[in-house]
Each structure stands twice: as structure tokens, then as C-alpha cells.
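Chemist: Whatever this is, show me its structure:
(chains A, B, C and D)
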4 protein chains.
Amino acid sequence: MSATRYTYLGPAGTFTEAALRKLPEAATRELVPMVTVSAALDAVRAGEAAAALVPIENSVEGGITTTLDELIAGEPLMIYREVLLPITFALLVRPGTQLADIKTVTAHPAAQTQVRNWLAANLPDAVWESSASNADGARLVQEGRYDAAFAGEFAAATYGLEPLVTEIHDAANAQTRFVLVGRPARPAAPTGADKTSVVIWQRDDHPGALLELLQEFAVRGVNLVLLQSRPTGEGIGSYCFAIDAEGHVSDPRVGEALMGLKRICLKVRFLGSYPQADVSPQDVRALRPGTSDGDFAEASDWLTRCRDGRF
Amino acid sequence: MSATRYTYLGPAGTFTEAALRKLPEAATRELVPMVTVSAALDAVRAGEAAAALVPIENSVEGGITTTLDELIAGEPLMIYREVLLPITFALLVRPGTQLADIKTVTAHPAAQTQVRNWLAANLPDAVWESSASNADGARLVQEGRYDAAFAGEFAAATYGLEPLVTEIHDAANAQTRFVLVGRPARPAAPTGADKTSVVIWQRDDHPGALLELLQEFAVRGVNLVLLQSRPTGEGIGSYCFAIDAEGHVSDPRVGEALMGLKRICLKVRFLGSYPQADVSPQDVRALRPGTSDGDFAEASDWLTRCRDGRF
Amino acid sequence: MSATRYTYLGPAGTFTEAALRKLPEAATRELVPMVTVSAALDAVRAGEAAAALVPIENSVEGGITTTLDELIAGEPLMIYREVLLPITFALLVRPGTQLADIKTVTAHPAAQTQVRNWLAANLPDAVWESSASNADGARLVQEGRYDAAFAGEFAAATYGLEPLVTEIHDAANAQTRFVLVGRPARPAAPTGADKTSVVIWQRDDHPGALLELLQEFAVRGVNLVLLQSRPTGEGIGSYCFAIDAEGHVSDPRVGEALMGLKRICLKVRFLGSYPQADVSPQDVRALRPGTSDGDFAEASDWLTRCRDGRF
Amino acid sequence: MSATRYTYLGPAGTFTEAALRKLPEAATRELVPMVTVSAALDAVRAGEAAAALVPIENSVEGGITTTLDELIAGEPLMIYREVLLPITFALLVRPGTQLADIKTVTAHPAAQTQVRNWLAANLPDAVWESSASNADGARLVQEGRYDAAFAGEFAAATYGLEPLVTEIHDAANAQTRFVLVGRPARPAAPTGADKTSVVIWQRDDHPGALLELLQEFAVRGVNLVLLQSRPTGEGIGSYCFAIDAEGHVSDPRVGEALMGLKRICLKVRFLGSYPQADVSPQDVRALRPGTSDGDFAEASDWLTRCRDGRF
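Modeler: Reported below is the predicted structural model:
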């Protein structure tokens, strides 16, 4: 039954699954691993799943372009939630293996950039072999093909392995951001610490065009938290921009900024408004004076009076 | 009966009366000259006149500060019309006077700056004496006190004088702008070539504050035609700004810009939306792409769909 | 001898003379009152005086347009100093006159707006007669033509009068700003609290043109303290802007901003850099990060290294 | 001898080699394929090669993050040239193979996105196997492991294969941009159609910070052709920006913009000025009025005169 099915970028035992399990609702959903981001999202588009959890950005590697490009093109999808997960690795081994026994290690290539220093310091002679995913690497250790795998500690149980070393990460604060994506529907009500995602295509690339786009946000006091260019496919030099802004589509300042973009852009794709994973309402940055909901309401009343000649 | 009474800056026979008579409705109004701009406007505020015509700006002398300051402070008033009048002088004399007979000339001091060159070339030996108004100067010629007066040609008949020379003006294109001012009421519908006047007081004078104000207009593609600073009376360095912008308060782009000002300013005083005297709708500057009424309506529909999740 | 002669807007006994005497150097100069601002400045242009002190701005009345227009047009002049003078009036009478004796009062018309409330409260029945200047009013009291004159307290001695009441002013903080104007020469060295004055003519009045001008200042962190529009004489709607900015022409941030204006404007007239009368160096607003002289020097060194490939 | 050695992203027969051979100087250099972008650049840093040619951007896939990250971090490098190569594939087979014989095809995974439609239409039943590079795929066809490989037509000869079909590309205009990277040195003189690359780190991420950075370019009329965010590694939400701007570091407008960035940014890394591959000097976009070299020189002369009081 699709309403209770969530897909995610698999296989089981990856960081994506761990991120998905941070959502309270995950406990009551059927969680289905998919081989690719595209497959996870296609299941949503086809109505076979209610939502999909996919990685969208990593603090070391940057934007996950497959996910961005899937959201940018094709049948519209909407982001309902974001999840942040610290990325820290465990060295998983078959029970009984000691550090000195390890001759070969494996993991997804992306993991290599995050454990390289640890490896050089602790297992300088171990041979690295890439695997298709971190979970897959764990499976290959289980099967005896390699001696150890870097993966999330949570993957140990799935594959009958033991975490020999935990909390391995070259970059402190390494995080991956995941998004829960569904078909378009009315966004959840604002929480007071929300984020709004859009993709914009410029009408033309005259000098200063990007500046004009950013001014639509700035003049309404809306802060940007991410601006990422992606090729439009029209050739080198032609880009669209994926933008994350603070605030909710139902906030008047965000709504007015989005309408401003809509007017001057060739195309705007709304990708959703959802709670910020890392910010609670009391920690939200102070609004610029004159941009609160009350300020907008008061100005709107005043304009009505001006238009009616009552002042 | 106040509803049919218009006051104006007198006395009779001044350029202000000539400007007032350019309004078709003037033919059916009781036109009452007043001694000062303040008196003309006070009659409106007191309900003794429906409207007042007063000069607000001169292309040679600049803003008429008395008028500006009256509109900026006190009981709110509203501009309903503007009238442009080319300022060109006639040399008025008693019938029979020849150029060679003229030993003394008179007019309001403001006129002197506009006939100085002509005087030097044509009556180098004539003595100048200032009078309280150009019309008053004409009266003094009628009474025989001076030989000639510079005034509007239309003043000749009133004072039994003859225009000896006409079309006198040192600066080509000298014009005065007059405004018809009444108590606040719903502005007339847009004509397609309108102007909106406001006065704004900044919340604080942080660096870049003026820039922010202008951006509220620019980001909505609203052009400014006048920006004039006036002291607030709080001391040197404290100003408010009288601004004329293209467009009508009922245009969405103008309305949104005004709301933006209202939010970030300490105070905004709306002074009216009225037809531009010198521009017909077909000569209006092209709107910046994305700022037409239709663009605003389309963006608003789109925002509604985003907020509802229907896209 | 012109090098020691300073002209000023006379007659003797006006606020302008009082402002001039605040300059230490005034003690060793020949101070010559002139009938008009134009006459005072023409004497400088003709080499008959080293400098002229003239009023340029009043916190109640606004810019002194005669002075502005003289600086904007004609042979270039330069501002070397500014002087701020609180404007407060004394009621000057012939020795022995009591308040109850006063039937007629006089002063320059501009004074009337600043003593109106005091007059209504204290001498409600006195008749007002305008005089050509406040000093002239005092002279007419001396001659017995009027009973009392509003003027600066300092004018009493000159005309053998007594200050019956002092510190009269309707608006608290009323001030007039005067400038000492001379022929162009190298400006005095920066004091750390300086002001730079320019006049700019826009190349065209395309929408947003004024915004672009202001951005030349803003992007270099240069604060504006005054922006005043004046008609160019080309007709209604054509203005130039007199601008006062914080900082000295020799500051790199000011220099770069001025060059920016020079490039995009039709014309820029430099009017001088001089100490701010009301700000001492320790009270100067903090510079925006990245705009100090040191920041400019460091960035310039870095650019040189980039251009040379040494980094 | 390192001065004549150029490394490139290998193996031989890839598009990178084809791009490198478009440079006239390649004919007289020793061209050494390297396994990774990092290895190619490390050889330059170590002084073992004079320069390295690496892909930096693809019109379908976007920025090549490995290359960007290598240029952003580590020992400074500089871009000396860019090369654009249309990406179009040939289907390479062993001599004699017909379309009907092909059961298995191979290529680098990136190629798959660009031939997918062609494959579905022409070889719907062929099985896809990824290879480490397109050249490697060709080698595996030569060895008989697969029936056909997608690769550049130029790779056929190297591996003794024949192009059975050419000009295969799902996206018209697909291009890859390559850069020739060396150690820092004085950039080549401007050609009149140049590009300047920098990486900037913001001092803080206050609202509008990105806008301020872009204004440093806009106010000097410098157009941006690319703006790409990359994570700084400090955690989600912390980015630096790789920027390509039109013009040469020796152009005064570009130099002034770069100094502006240097002052307000935490860090700026200059990556070089080099000829635009796709634009000839006569096709360069017209400069914004007031930003030519002559305008800068004239403004600089004027400022000198202002500072000296000679005007």
C-alpha cells in the first residue's frame, strides 16, 4: 500500500537508512531500499511510494547532483522534511578480527576522502578496494572477500559484523543532509524555523541578472542559506540556480520574494517549505526590521487606506 | 459654498491664476486669490475651499519650499492634479509708452533672474524695483509709480496695460509646476500616465539607508521622477524626502513599493496619485519586464498554487 | 590686500558675521560684509578676497539655494571649512524699553518662522514689519522706526541696543551651516573627521540611475550626510545632486567612490574636503569592515602580486 | 624534462587528450596521461610537469568537483588556458562487427547519461557495463570482453577499433570545458576576450553577504559567467564560491573589483586570467558605459587634479 511506503537510497545499512529512521513516522512505514536516487524518486512519481528519502548535500563533497537534477527536471516533486546526519565511520570486521589482521579495506569511494588520514595513520599498509556502497562493502566483509569495511556503526548488526573502531572521520563536523520528497501537496504549517527551496531559470543572462534575483530576497529581508548552480543542459555558460531561503512560503516576506522571482525569471520551480533540521524557532536569526508578518499586515492596511483616501 | 470654491496663490493676474485657468473645471468654480500658499491651503484644511492651486516647483528656482513644507507637515492634504506652465514674461506698460520712455521696471524678485539678460540688452539703464508679486508690479505701473512691469501677458487686461514686448525669458524651457491640492479622498482612477507623490522619514540614518529606500522602488521597476530632501527640523543632518514616482497607487508595482517603504520607514505620508501633466499614456516609458499588472496577477496566482500544493 | 580679506554675507551684525568670527583666523583678516551671497563669492572669484563665508543650509529652512547654485555653476570654487551656529534670537531694544512698550517688531522674514510662537505668547499685539536683514532691523530700531528687533545677541553692541530677552527660538536645535569658500587649491590634510562635497549631473535619467550613483558610495563604505537635488535649468524633471559624504578626498575609499562617479556621470564638480564642524575624530562612525586605508593598501598589494603571478 | 611535459587526465584516448591536442603547443610537449585529476595536478605542484590539462565543467553534468576542489585547496595553482570540446560519441567496434552483433556495450558511467536515448532507440537489448574510463572501455572491446564501446571517435585508432556510428549524443550542444593549469606566474597579456577566475570565502554569512560580493563586480561593470558554490568542509551551510568573470586581471575594472572582494572577503584565491575559448575579441559584449580602460584612466587623472586642487 503506497501511502505507507517510503523508499530510500539503499541498500539497507547505509547512512540514508539511518537518516530515515530519525523521522518518528518511519516506525510506521514500510521502508524500501532502492538502487539509485532516481529509482527512489520514480517510485514516488509513479504513486508506488508516499515519499522517498534521498541525500541532497554533503558538507565535504557538496551537492548531490543526481538528487538536485531529479528535483530540477521531470514531474514536479516537493520536499517535506530535511534530516541532518553526522557522518562518522566505524571500521566493521568479522568478530575476532584484530587491527593487525587487516590487509584489505573497502567502502564506497566517497567514504575514502573521509577516512584517508585515519587509514594512513592506523593502517598504512592496508589495500583499499572500492565497493558500490558502504553497506555493500560490509556485505563483502561478511562474505570474507575483504578484511574490514568502513560504514555506519548501525550497519554492523545487519551484516553480522563488529565495530572494531568507531567515530572515524577526517573532517570534523562532516554531515550529510537528506530530504524527504513527495508529490506536491499543501506544505505543512510554518514552525517558526523553516526553509523554502526553489529552482530558478533566468530570463536572460544580462550582466547583473543574478544580482537582481538576489535582491528580490534581500529587499524583503529573506536570508539565503544555499545557492547552487546547475547546468541547464543548453551548453557551457547556461545555469539554473537551486536556492534555499529561510522562512516559509506562507510568510508574507517569503511569498512576496517568490512572486518577485516569478515575475523576473523565465521559470521558477517551487520545491517546498519545511522545518529547518538544525534550527529551533528560538534560535532563528532576528528578522530585519520591517519584515515581520505584522509589519506586512500593517503596511497592507495602510495601502488600503491610501487607495481609499482614508488617512 | 466651499464645494465650488478653489483658492490659489494670488493676487489675480499671477502665473498661478493662469495655471488654474488651464483646468477645464476652473470655468465653473469660484476662484479666490489668497495672499500666501499657507493661506490658500489653510482654506482647504478648514473646509472653506474644495481645493487650492499652488506652485510646487520651478525649473529655474527649484522646489517651492513653502508648498513642500505645508504638504509635509500639518493636517494631511492630497494632490489631485498637476499643471505645467511655461514661464515667459511680457513687458507691460501704460498704453502709449515706448521702450525709450522706460526709466523704472518692477516685478517679483524671482522674475529678475529670468529677465536679467533681456534687461541688460534692451534696457541697460532702467532701474529695477522689486514688488510683492508680478501682479502687484502691474498694479503699480497702472498707478503710475513705475514705467513698466514684467508679468504674464494675461495680466495686461486686468490692469489696463499693454504688452509692449512678449516672450521674454532668459532660460529657454523655464516652467513652473503647480499642484491642485484638496483634502484626502479616493484618488481618481489611473489614466496610464500617472505620478504618485509621497514623503518619507527614515527610521535611522545608517549608511546605505537612502539606498535601501530607493531599492524598494527599483526592485518593482518603479521609476522616480523627483527626489527632494527637506529638513525635518531636528537639526542639521536630519532630512525627510519628498519623492515623485511614475505610476498610480492602484498599480500593483507602486502599491508593493509603497508597502515596502511603509515597513522600513519611520513614517510615510501619501500625497496622492494623479495624471502626469506632460506625458500622455502612449508616451509612457516601457515598463521593466515582469512589472506589469498582468505579471503581478500571474505571480500572485502562482503563489496561491504553491501555497496550496497545486502545481 | 586680497590675501588677508574675507568677505561674508552682510551686513555687519548678522549671524554670518558671528559664524565667521568663530574661525580663529578671522582675528587676523579684514572682514568685509557684502550685500548678497553672489557678491561675496564674486569677490573671491575676482581675486579681491581670499575667501568668503556664506550660509549654505539651515535646519529649519533647508538648503540656501542661492549659495548652492553659485557653487554649482560658474567659475569653480572650493569649500575649505564649515561652521555650525545655533540660531537663537535676542529681542533688541533701545536702552530703557520695557516689554510693555513694544508695539512694533522687525527682522528678516526668515526669522519670523523661528520666533512666531514666542511672539504669540509674549507680544500677541505687536505688529510685525519685515526688514532686509536682521542687522538692518536692529539699525531701524536704533533709528527709532521700530520698537524692537529680533537679531543675534551679538548685534546689540553694534547698534547701541540692549538685549531685553535672549535665547528665543521656536524650534530647539535650530542651526545654520556656513561654509568658507575660496578658489581651488590643494585641500587641507585629513583630520580624521572630514566631509567631502561634490555636485553630480547624471548621464541620463534611466530608471535606477540615482541608485547606481549611491551604490558608488555604498560599495566603498562611504556614508552620505546630505543629498540635495537642484534643477539644472533644462526644464522640470532635470536635476543635479549636491552630495556631502563622510571622509576626505585623499582617503582611498572616498577617492575610489569619486572616480566611480566620474566615470558614470555626465559631470562631477568637486567642491572640497574639509573638517566636519560637529564631529571630532574620536566620534567618527566606525568604518565598514574592509574600507580602511590599511584595507585598501593591503588589497592593492595583493592585486599587484596577482598581476605578477607572485602568490 | 619538466618544462616540456604536460600531464592530463588519462588514459590516452579520452576526451581530455583530444582537448589537449587542440592546443598548438601540445605538438611540442611530452603528453603524459595520469590516472586521476589529483595526480595530474600533483605532478605540476611537484615541478615534474609544466602544466596539466583537466576537465573542470561539463554542460550536462555540471562542475567537475574534484578539479574545483583541487584548485580551491592546497598549494596555489593557476589557470592559463581553457579549451571547449563538443562531447559527441562514436560507437567503437572491432573491425567487421555489425550493429546486430552487439550484445554488450561499455563506457564510463558519465557517458551513459549522454547516450541513453540513442541506446534505447538503436540497441534496446544491449547490456550496459560500466568501465573506468571511455578509453578503458575501448581497450576492453579490443580485448574482446565487450562488443562495443562509446568513446570519442579519435580513440578508435589507438585501440585498433572502427567507429560504427558517430555523432551520438542525446543532448545537443553537450560540451566539456577543460583548463590548462600550471604554477603561478605572470598571466599572459589580455587578448580583449578574457576570463578571470577566483575563489572567495565570505567573512561571515550575514544576510545579503553574497549580494555584496556580487555588487563588487556589478558596480565596476564586470560580468560574471559562472558562480559555483563548494562546501568549505566546515559543515552544512558553509560554502565558498568559485567565480568566473569576464575580463583580465590587468583590466582596471577587473582589478578594482578584485581589490573590493579582497577587502570584504575572508580570503580570495586568484586562479588566473586567460583567453575565453568561445569568444573572439570582436564578439565581446559591449562594456557598460564608464568602465573602459580609458574611462578609468580619465577618472584617475581627474582625482589627482581634485586632490591637488587643480581644476
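
Chemist: quick one: which helix or strand includes the residue of the stretch 51-200 of chain A found nearest chain C?
Modeler: At 21.3 Å from chain C, residue A:200 is the closest residue in the stretch 51-200 of chain A, using C-beta to the nearest C-beta. C-beta here means a position set from N, CA and C on the backbone, and glycine is covered the same way. Assigning secondary structure by DSSP states H and E places residue A:200 in strand A:194-202.

Chemist: what's near enough to touch the residue of the stretch 51-200 of chain A closest to chain C?
Modeler: By C-beta atoms under 8 Å, 6 or more residues apart in numbering or on different chains, residue A:200 lies in contact with A:213, A:240-241, A:243, A:261, A:265, A:267-269.

Chemist: Restricted to buried residues, select these in PyMOL.
Modeler: This is how PyMOL selects the buried members of the contacts of residue A:200, with burial counted by 16 or more other C-beta atoms under 10 Å in any protein chain shown:
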select buried, chain A and resi 213+240+241+243+261+265+268+269
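
Chemist: that older thread, distance between the strand holding residue A:200 and the chain's centre?
Modeler: Taking C-alpha atoms, centre = their mean, to the nearest Å, one finds strand A:194-202 lying 14 Å from the centre of the chain it belongs to.

Chemist: strands paired with that strand, and their directions?
Modeler: strand A:239-246 (antiparallel), strand A:265-275 (antiparallel) (DSSP bridges).

Chemist: Kindly provide the whole-number mean pLDDT of it.
Modeler: The average pLDDT within strand A:194-202 is 96.

Chemist: next structured bit after it?
Modeler: helix A:209-218.

Chemist: Could you tell me the angle between the next helix or strand after that next one and strand D:224-231?
Modeler: For helix A:209-218, the succeeding helix or strand toward the C-terminus, using DSSP H and E, is strand A:224-231. Angle of strand A:224-231 versus strand D:224-231, following axes from the mean of the first three to the mean of the last three C-alpha atoms, to 10 degrees, is 120 degrees.

Chemist: Quickly run through the sheet partners of strand A:224-231, with directions.
Modeler: Sheet pairing of strand A:224-231 (DSSP bridges) gives strand A:239-246 (antiparallel).

Chemist: and the partner strand, how far from the chain's centre?
Modeler: Relative to its chain's centre, strand A:239-246 lies at 13 Å (C-alpha atoms, centre = their mean).

Chemist: Tell me which stretches of the stretch 51-200 of chain A form strands.
Modeler: Counting by DSSP state E, counting those that start in this stretch, residue ranges of the strands within the stretch 51-200 of chain A are A:51-58, A:62-63, A:78-86, A:89-93, A:104-107, A:127-130, A:148-151, A:162-168, A:175-182, A:194-202.

Chemist: Just name the most buried of those strands.
Modeler: Of these, the one with the most neighbours on average (mean count of other C-beta atoms under 10 Å in any protein chain shown) is strand A:148-151, at a mean of 29.

Chemist: quick check: domain ranges of chain A?
Modeler: A:1-86+A:174-185, A:89-168, A:186-311 (automatic domain parsing).

Chemist: can you give me the mean pLDDT across the shortest one?
Modeler: So that's domain A:89-168. Mean pLDDT, domain A:89-168: 93.

Chemist: if I look at residue A:172, how far off is chain D?
Modeler: Per C-beta to the nearest C-beta, to the nearest Å, residue A:172 is found 8 Å from chain D.

Chemist: pretty sure residue A:131 is touching residue A:137, no?
Modeler: Yes: here residue A:131 reaches residue A:137: they are 3.8 Å apart, a contact under C-beta atoms under 8 Å.

Chemist: To residue C:247, which of the strands of the stretch 51-200 of chain A lies closest?
Modeler: With C-beta to C-beta as the criterion, residue C:247 lies closest to strand A:194-202 of those, at 36.7 Å.

Chemist: Does the longest helix out of those in chain A reach chain B?
Modeler: Assignment by DSSP state H gives helix A:293-308 as the longest helix of chain A. Yes: using C-beta under 8 Å from any C-beta of the partner chain, helix A:293-308 reaches chain B at A:295-296, A:298-300, A:302-303, A:306-308.

Chemist: and which of these is nearest residue A:231?
Modeler: Among these, and counting by C-beta to C-beta, the member closest to residue A:231 is residue A:296, at 36.3 Å.

Chemist: Skipping its backbone neighbours, what lies nearest residue A:8 in space?
Modeler: Distances taken as C-beta to C-beta, 6 or more residues apart in numbering or on different chains put residue A:53 closest to residue A:8, at 4.3 Å, once the chain neighbours are dropped.

Chemist: residues contacting the one you found?
Modeler: A:6-9, A:16, A:19-20, A:23, A:40, A:83, A:178-181.

Chemist: Quick check: residues of chain A near chain B?
Modeler: Checking chain A against chain B by C-beta under 8 Å from any C-beta, the hits are A:76, A:78, A:184-187, A:203, A:212, A:215-216, A:219-220, A:249-250, A:255-256, A:258-260, A:262-264, A:268, A:270, A:289-291, A:295-296, A:298-300, A:302-303, A:306-311.

Chemist: picking up where we left off before, relative to residue C:119, tell me which of the strands of the stretch 51-200 of chain A wins on proximity.
Modeler: Nearest of these to residue C:119, taken as C-beta to C-beta: strand A:194-202 at 60.8 Å.

Chemist: what inclination does the closest one have with respect to helix B:293-308?
Modeler: 140 degrees.

Chemist: wait, isn't residue A:28 in contact with residue A:4?
Modeler: Yes: if you go by C-beta under 8 Å, residue A:28 and residue A:4 touch, sitting 7.0 Å apart.

Chemist: neighbour-wise, which of these two wins?
Modeler: Using other C-beta atoms under 10 Å in any protein chain shown as the criterion, residue A:28 and residue A:4 rank with residue A:4 on top: 11 against 7.

Chemist: Tell me who's in contact with residue A:173.
Modeler: By C-beta under 8 Å, 6+ apart, the residues touching residue A:173 are A:59, A:86, D:234-235.

Chemist: Return the per-residue confidence for it.
Modeler: 82.

Chemist: do the same with residue A:207
Modeler: In this model, residue A:207 is scored at 65, pLDDT.

Chemist: Identify, from the contacts of residue A:53, the entry nearest to chain B.
Modeler: Nearest to chain B among the contacts of residue A:53, with distances taken as C-beta to the nearest C-beta, is residue A:181, at 13.4 Å.

Chemist: re earlier: can you put the contacts of residue A:200 in TSV and add pLDDT and distance to residue B:32?
Modeler: Shown next, in TSV, are those (pLDDT from 0 to 100; distance: C-beta to C-beta, whole Å):
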residue	pLDDT	distance to residue B:32
A:213	93	55
A:240	95	64
A:241	96	62
A:243	97	60
A:261	97	53
A:265	96	55
A:267	96	60
A:268	97	57
A:269	98	62
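
Chemist: Out of the contacts of residue A:200, which is nearest to residue B:280?
Modeler: Residue B:280 lies nearest to residue A:265 out of these, by C-beta to C-beta, at 32.5 Å.

Chemist: circling back: drop anything exposed from the residues of helix A:293-308 next to chain B.
Modeler: Of the residues of helix A:293-308 next to chain B, these count as buried by 16+ other C-beta under 10 Å: A:295-296, A:299, A:302-303, A:306-307.

Chemist: how about JSON lines for the residues you listed, with distance to residue D:34 and pLDDT added?
Modeler: Shown next, in JSON lines, are those (distance: C-beta to C-beta, whole Å; pLDDT from 0 to 100):
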{"residue": "A:295", "distance to residue D:34": "58", "pLDDT": "96"}
{"residue": "A:296", "distance to residue D:34": "57", "pLDDT": "97"}
{"residue": "A:299", "distance to residue D:34": "61", "pLDDT": "96"}
{"residue": "A:302", "distance to residue D:34": "66", "pLDDT": "97"}
{"residue": "A:303", "distance to residue D:34": "64", "pLDDT": "97"}
{"residue": "A:306", "distance to residue D:34": "68", "pLDDT": "96"}
{"residue": "A:307", "distance to residue D:34": "69", "pLDDT": "96"}
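
Chemist: All good on my end, thank you.
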